[in-house]
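**Q** build me a model:
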Amino acid sequence: MIGPAETIGPAETIGPAAARRAVLAAQGFADPRPSGPVTRRHLVRTLGRIRLLQLDSVNVAVRAHYMPVYSRLGPYPSELVDEAAWSHSARRPRLLAEYWAHEASLLPVEDWPLLRAGAKRDGWWRHYGALVESHPGLVDDVLAAVKELGPIGAGALETALGGQTRPRPPGASWWERSDVKRICEYLFGIGALTTGTRRHFQRLYDLPERVLPPHVLAAPPPSQEEAARALVLRSASALGVATEADLRDYYRIAPDHNRTALLALVEAGELEQVEVRGWARPAYRVPGARVPRRIAGRALLCPFDPLIWERRRTERIFGFRYRIEIYVPEPKREFGYYVFPFLLDGELVARVDLKADRRAGVLRVQGAFAEPE
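**A** Reported below is the predicted structural model:
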């Protein structure tokens, strides 16, 4: 389906190589790496480029939210991200909050109201609606307990609520959650709870009014239309050159809201349409977006890096077919369990299967594969 925003008049035509360089520049790969220690200022600059850090529970090599910062800045203390996300002080205020963006993500606290304004499509937590309807008292009990005890994990909440739960049977998979955990995730999904802090990566729930800075809580809430336009503009800035579907995917915006916002932004001159040779759909960019003559440098990219997390876009831009094979039976894996693409001078030229051997204190390369060309 081609929406109204994809029928806007003639546009400049650019080649795929220029589009690729624009994408890499937008994602921060044309910026020089710090010559000295990486600081909070460098983290803020990187977040200004990519806008969010996706969270994931897999910890084969390194947690997913740490890696995009390393890919762009080089070695840095992980406490830099931890403090920005899960602690607050007058001297170093909280920079990031957890919410569902592309997936569960860390995002600038100022963006929280945009994601709560109704422009995003409903997430998977909507499937817990029947549980909420059948156990309305449990919702009230969870909120009251978090208010009294938070930040608190789901297991401690179950204990505090006196066993109002359906425990996982022995041998159950991790997603077979208790009712209390389901209610917590539902409330997290609708923004009634957020993450106060994490302990060994376990989410400790708290009320947004105790986590978000006062200036965020006091700001007038944006309308659905205002939020959609702001999110699409952030997507375009982070992606460099992007189709309507690319822009929609970055924050998982509802299709109708995305198309309407895109049309409004083009008409206002805040975005412009371009044609990329070889792309089947029109693309969009921020006017004046940077297109370097060349991209130099190297980086490993984790599977959840925003440069590559949309696999069809990755193949369109880099000619690099990439799939994560965690759920593929080992005999059927092509490259390995947790494979990192390798970026060299603006091209994805190889991939490596990495595993942190924490007992031995080494990073093991279990497989390395150059691209055929």
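
**Q** contacting residues around the lowest-mean-pLDDT helix or strand in the chain?
**A** When each helix and strand of the chain is scored by mean pLDDT, DSSP states H and E, helix 129-134 comes last, with a mean of 84. For helix 129-134, the surrounding residues in contact (CB atoms under 8 Å, 6 or more residues apart in numbering) are V139, D179, R182, I183, Y186. (Each C-beta comes from the backbone N, C-alpha and C, glycine too.)

**Q** hey, C-alpha coordinates of the helix or strand following it in PDB?
**A** Remark: after helix 129-134, the chain's next helix or strand is helix 136-149, criterion DSSP states H and E. Taking C-alpha atoms only, helix 136-149 is exported to PDB below (Å, rounded to 0.1, in the frame of the first residue of the first chain):
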ATOM      1  CA  PRO A 136      -8.900  -5.800  38.500                       C
ATOM      2  CA  GLY A 137      -8.100  -6.000  42.200                       C
ATOM      3  CA  LEU A 138      -4.700  -7.400  41.400                       C
ATOM      4  CA  VAL A 139      -3.900  -4.300  39.300                       C
ATOM      5  CA  ASP A 140      -4.800  -2.000  42.300                       C
ATOM      6  CA  ASP A 141      -2.800  -4.200  44.700                       C
ATOM      7  CA  VAL A 142       0.300  -4.200  42.400                       C
ATOM      8  CA  LEU A 143       0.200  -0.400  42.100                       C
ATOM      9  CA  ALA A 144      -0.300   0.100  45.800                       C
ATOM     10  CA  ALA A 145       2.500  -2.300  46.600                       C
ATOM     11  CA  VAL A 146       4.900  -0.600  44.200                       C
ATOM     12  CA  LYS A 147       4.000   2.800  45.700                       C
ATOM     13  CA  GLU A 148       4.800   1.500  49.200                       C
ATOM     14  CA  LEU A 149       7.800  -0.700  48.400                       C
END
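
**Q** chain center to helix 136-149: distance?
**A** Its chain's C-alpha centre and that of helix 136-149 lie 28 Å apart, by CA atoms, centre = their mean, to the nearest Å.

**Q** likewise for stretch 223-230?
**A** On the basis of CA atoms, centre = their mean, stretch 223-230 sits 19 Å off its chain's mean C-alpha point.

**Q** thinking again about what came up before, what about the contacts of helix 129-134, which are in helices?
**A** V139, D179, R182, I183, Y186 (DSSP state H).

**Q** of these - the most surrounded one?
**A** I183 (26 neighbours; other CB atoms under 10 Å).

**Q** measure that residue to Y128 for me?
**A** According to CB to CB, to the nearest Å, I183 and Y128 sit 7 Å apart.

**Q** and if you look at T243?
**A** According to CB to CB, T243 stands 32 Å off from Y128.

**Q** how about R21?
**A** Distance from R21 to Y128, by CB to CB: 44 Å.

**Q** ditto for R198
**A** To Y128, R198 is 22 Å away according to CB to CB.

**Q** do Y76 as well
**A** 37 Å.

**Q** do the same with A101
**A** Per CB to CB, A101 is found 20 Å from Y128.

**Q** so which of those two has more stuff around it?
**A** Taking other CB under 10 Å, A101 and Y128 do not tie; A101 has more neighbours (24 against 19).

**Q** show the pLDDT at the more buried one.
**A** We have a pLDDT of 91 for A101.

**Q** that one: what's it in contact with?
**A** So A101 contacts L52, Q54, L107, D111, L115, Y250, Y251, R252 (CB under 8 Å, 6+ apart).

**Q** go on, I50?
**A** When contacts are counted by CB under 8 Å, 6+ apart, I50 touches Q27, G28, P68, R72, A238, P306.

**Q** neighbour-wise, which one of the residues you listed leads?
**A** P68 (27 neighbours).

**Q** surely that residue touches I308?
**A** No - with contact taken as CB atoms under 8 Å, P68 and I308 are classed as non-touching, separated by 10.2 Å.

**Q** so what sits against both of those two?
**A** With contacts defined as CB under 8 Å, 6+ apart, the residues shared by P68 and I308 are L301.
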